[in-house]
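1. Structure, please.
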Amino acid sequence: MKKSKKKKWVKKRHAAVFAFLRFAMAPLLWLKYHYRAEKAPIKKGPCIILTNHQATMDPFFTSKAFKFPIYFFASDDLFNLKVSPLIEYLAAPIPKSKSVADLKAVAISLRVLREGGAVGITPEGNRTLSGKLWEMSDSVAKLVKTAKVPLVLFNLCGGYGTDPRWGRKIRRGTKYVGRVKRILYPEEYADMSDEELFRIIVENLDVDDTLSGERYKSRYRAEYIERALYMCPVCGSVGTIRSHGTKFCCTHCKTEAEYTEDLKISPPIAGYTRIYEWFEWERKEIVQKLLGGESISDGGILFRDSLKLQKKVELPGDTVSMDKTELRITGNGADSHYPLADIDAITAVGKKKFNFYYKGKILQVKGGDRFCAIKYVHAFDGLRSAAKEEETK
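-> This next block holds a predicted model:
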């Protein structure tokens, strides 16, 4: 009996859909974001396109520079929508769980490349909150070495100024552009170690909008900055940052500053003039607080089981908290305890959600407009690193 032939991932309709969207989306990308893309010198796949991750619409911004369809990695959340089947039919994105190894995504990528397609990846795996590159795994370099196809390193510049992940409103900037930074062909990286190739990837994807000198106007440019800045560097309070309009302050010690059009903090707070400087400081400090016996918590949350490729299921619970040993969901009839040792990863999703991967499940916490998901990610990652360091002593 003959085996059934495996269906191709790359379909002719994808090229037609891509060509249509490239034309149809052009006015929106210009009028709403003032975005322009420089034409990519590479004309077809197979290739791997790596880009920094600044804004919600990054796949569209990146695609605008290329004349062939790109099969992007997409997080679990995209496959939980009502329109997910249509998206899969028209564009066939590659499902990838955030912050955890996903061998299936790697296998699909290699399949797409064998079929002559182009794979698009944001190796940070998460959209920047601070304006600097998120931490990346060197597994992306290993994928490139395995695939043996051209590697395209693409820069999006101005996305953090125009549409910061923590922000409420899109800003009108003086510059927002996408361009190919560098192309490496297989013969160029064949003799490189994974570490050497990874270093080149990081160096070429690192974009800092605060150094550009460009300006991004909005009357609401500081609003919801507390989604990124959750600890005051003056008094050490957690969850006391509040924003309104172009300014923000600590409600505990009354320290106040403006978030300026050129993406600076003015006057500086505790010497910090940029969000990513403050962000790196609090990332370390929150771990020390929890190790010292403190906890973090938020009320008014939704707790859901984010079934992969299915609709989310709401679960009991309206309060989330974490200490150095466990994450807890309480209230509304719930009293669930999740030992941190049994959680595989915690990752920020969108603007005000985080997923945690627990015993094969993807569980999601969604907060209100001012909810800061990243503090739970920072706390978990830092505690896990501290535990590993303790084990090696």
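
2. C-alpha only now, for contacts and for neighbours.
-> Fine.

3. any idea how far residue 154 is from residue 141?
-> 15 Å (Cα to Cα, to the nearest Å).

4. my bad, should have said residue 32
-> Separation of residue 32 from residue 141 (Cα to Cα): 35 Å.

5. Over to residue 357?
-> For residue 357 relative to residue 141 (Cα to Cα), the value is 25 Å.

6. in the protein, which helix or strand is least confident?
-> Least confident helix or strand of the chain, by mean pLDDT, DSSP states H and E, is helix 84-91 with a mean of 79.

7. For residue 32 and residue 141, indicate the residue with more neighbours.
-> Using other Cα atoms under 10 Å as the criterion, residue 32 and residue 141 rank with residue 141 on top: 22 against 12.

8. Give me the distance from the longest helix along the chain to the chain's centre.
-> Using DSSP state H, we find that the single longest helix of the chain is helix 374-392. Its chain's C-alpha centre and that of helix 374-392 lie 19 Å apart, by Cα atoms, centre = their mean, to the nearest Å.

9. per-residue confidence averaged over it?
-> If you average the pLDDT over helix 374-392, you get 93.

10. For that helix, which helices and strands make contact with it?
-> helix 275-291, strand 343-349 (3 or more Cα pairs under 8 Å, 6 or more residues apart in numbering; DSSP states H and E).

11. The longest one versus helix 374-392: what angle between them?
-> Read that as helix 275-291. 60 degrees (axes from the mean of the first three to the mean of the last three Cα atoms, to 10 degrees).

12. Mean confidence (pLDDT) on helix 275-291, please.
-> Rounded mean pLDDT across helix 275-291 is 98.

13. can I assume residue 147 is in contact with residue 108?
-> No. Under the criterion of Cα atoms under 8 Å, residue 147 is not in contact with residue 108, lying 11.7 Å apart.

14. could you point out where the stretch 1-150 of the chain is predicted with low confidence?
-> 1-5, 76-82, 98-101 (pLDDT under 70).

15. so how far is residue 58 from residue 109?
-> In this structure, residue 109 and residue 58 are 19 Å apart, going by Cα to Cα.

16. out of the two, which sits in the busier spot?
-> The neighbour count for residue 109 versus residue 58, taken as other Cα under 10 Å, is higher for residue 109 (25 against 18).

17. counting contacts, what elements does the strand or helix carrying residue 178 pack onto?
-> Assigned by DSSP states H and E, residue 178 falls within strand 177-184. Packing partners of strand 177-184 (3+ Cα pairs under 8 Å, 6+ apart): strand 36-37, strand 151-157.

18. Give me the helices and strands touching the first one, please.
-> When you say that, I think you mean strand 36-37. strand 177-184.

19. The strand it packs on versus strand 151-157: what angle between them?
-> Using the same axes, to 10 degrees: strand 177-184 against strand 151-157 is 160 degrees.

20. what separates strand 177-184 from the chain centre, distance-wise?
-> The answer for strand 177-184 is 20 Å, by Cα atoms, centre = their mean.

21. strand partners of it, parallel vs antiparallel please.
-> Counting by DSSP bridges, the strands paired with strand 177-184 are strand 36-37 (parallel), strand 151-157 (antiparallel).

22. Output the ones you listed as CSV; include the columns distance to residue 391 and mean neighbour count.
-> Output for the strands paired with strand 177-184, formatted as CSV (distance: least, Cα to Cα, whole Å; neighbours: other Cα atoms under 10 Å):
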stretch, distance to residue 391, mean neighbour count
strand 36-37, 48, 18
strand 151-157, 38, 23
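
23. Check the helices and strands packed on strand 177-184 for me: which has the lowest mean pLDDT.
-> strand 36-37 - the lowest mean pLDDT of those, at a mean of 94.

24. And this structure, split by domain according to the record?
-> With domains defined by automatic domain parsing, the chain comprises 12-216, 219-290, 295-392.

25. so how far does the longest one reach from one end to the other?
-> Think domain 12-216. OK, domain 12-216 end separation, Cα to Cα: 40 Å.

26. what does the shortest one give?
-> Across domain 219-290, the straight-line distance between its terminal residues is 36 Å, by Cα to Cα.

27. Use 403 as the first number from now on
-> Right, with 403 as the first residue, what we last looked at is domain 621-692.

28. What helices and strands are in contact with the strand or helix carrying residue 521?
-> Using DSSP H and E, residue 521 sits within strand 520-523. Using 3+ Cα pairs under 8 Å, 6+ apart, the elements in contact with strand 520-523 are strand 449-453, strand 472-476, helix 505-516.

29. thinking again about what came up before, and the angle from the longest helix of the chain to strand 745-751?
-> Helix 776-794 and strand 745-751 are oriented at 150 degrees to each other (the same axes, to 10 degrees).

30. Need the residues that contact helix 776-794.
-> 629-630, 632, 685-686, 688-689, 692-693, 724, 726, 742, 747-750, 756 (Cα atoms under 8 Å, 6 or more residues apart in numbering).

31. List the buried residues of it.
-> Residues of helix 776-794 classed as buried by neighbour count (16 or more other Cα atoms under 10 Å): 776-786.

32. Quick one: classify the residue nearest in space to the middle of the chain as helix, strand or coil.
-> With distances taken as Cα atoms, centre = their mean, residue 528 lies nearest the centre of the chain, 1.7 Å away. Under the three-state scheme (DSSP: H, G, I helix; E, B strand; the rest coil), residue 528 adopts coil.

33. if I look at it, how far off is residue 499?
-> Applying Cα to Cα to residue 528 and residue 499 gives a distance of 11 Å.

34. again with residue 795
-> On the measure of Cα to Cα, residue 795 and residue 499 end up 32 Å apart.

35. who has more neighbours, these two?
-> Set residue 795 next to residue 499 and count neighbours by other Cα under 10 Å: residue 499 wins out with 20 against 5.

36. which element is that one on?
-> Applying DSSP H and E, one finds residue 499 in no helix or strand.

37. Could you measure from the residue lying closest to residue 771 once chain neighbours are set aside over to residue 778?
-> Computed as Cα to Cα, 6 or more residues apart in numbering, the closest residue to residue 771 that is not its neighbour in sequence is residue 754, at 6.9 Å. Distance, residue 754 to residue 778, by Cα to Cα: 11 Å.
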